[in-house]
Structure formats: structure tokens, C-alpha cells
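# Here is a sequence together with a model predicted from it:
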Amino acid sequence: MAMRKKNPSVAVAALMLALVVLAAAPGGARAACDASQLAVCVSAITGGAPPTTVCCANLTAQQGCFCQYAKDPAYGSYIKSPNARKTLQSCHLAVPTC
């Protein structure tokens, strides 16, 4: 019996379809926590500059991760800073209570 070769592109396509369905479903999978997405907010969070549209969009996408970031020693001082609070308010996001 000859072994049939698996086609990796079919598996990748199936995985992508599953991710799209989960993301589109109400209450579906949340975006993964990725602190690097907040790099565009550095000038707002550390220097008090007005947040950019991209910063606000990324903060919105990462909103479910704020408490996780606040508890992380690498990010906590930034997330808990007065400028972070101002940035969230400027982006019309609730300041989390963790």
C-alpha cells in the first residue's frame, strides 16, 4: 500500500478558516495578549502625548489583557501610570480595576 502524502496547504487553509469563524462569532475567541501591539502607544504612555488612532485601535484590541499586563513586572509600572490612565480615557476605554 502506498502512503499518501499529506498536503500542508489544506491543513493551513482549514486552520485559517476555523480562526476566521471563531473571530467572527459573537463572544468568539479574543485576540491573543501581545504587549508588542502597544509599542505604538509608548509616546502617549511614557510622555503624555495624545494617542494616535492606531494606538487606540491596538489598546481596544488588547483591552482584555490589561490586568495581565498590570500584574507583569515588565509592564506593570507603565500600565498603572497616570499617563496610561489618560491614554485610555483619550481612547474612550474604561480604566480596568484588577
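Everything's here; your move. Here the structure is a predicted model, which is why all the values come from computation and not from measurement.
# For the rest of this, base every contact and every neighbour count on C-alpha atoms.
Will do.
# Low-confidence ranges, this protein, go.
Within the chain, the ranges that satisfy pLDDT under 70 run 1-31.
# One more pass at 50, please.
7-29 (pLDDT under 50).
# residue boundaries of the helices in it?
Counting by DSSP state H, the segments of the chain that form helices are 8-24, 42-47, 53-62, 66-71, 76-79, 82-90.
# Which elements pack onto the shortest one?
Put plainly, it is helix 76-79. helix 42-47, helix 66-71 (3 or more Cα pairs under 8 Å, 6 or more residues apart in numbering; DSSP states H and E).
# wait, what's in contact with residue 68?
Residue 68 makes contact with no residue, according to Cα atoms under 8 Å, 6 or more residues apart in numbering.
# Can you tell me how far it is from residue 41?
17 Å (Cα to Cα, to the nearest Å).
# And residue 34, how far from residue 67?
Applying Cα to Cα, the value for residue 34 to residue 67 is 13 Å.
# of the two, who's got more company?
Neighbour count, other Cα atoms under 10 Å: between residue 34 and residue 67, residue 67 has more, with 15 against 12.
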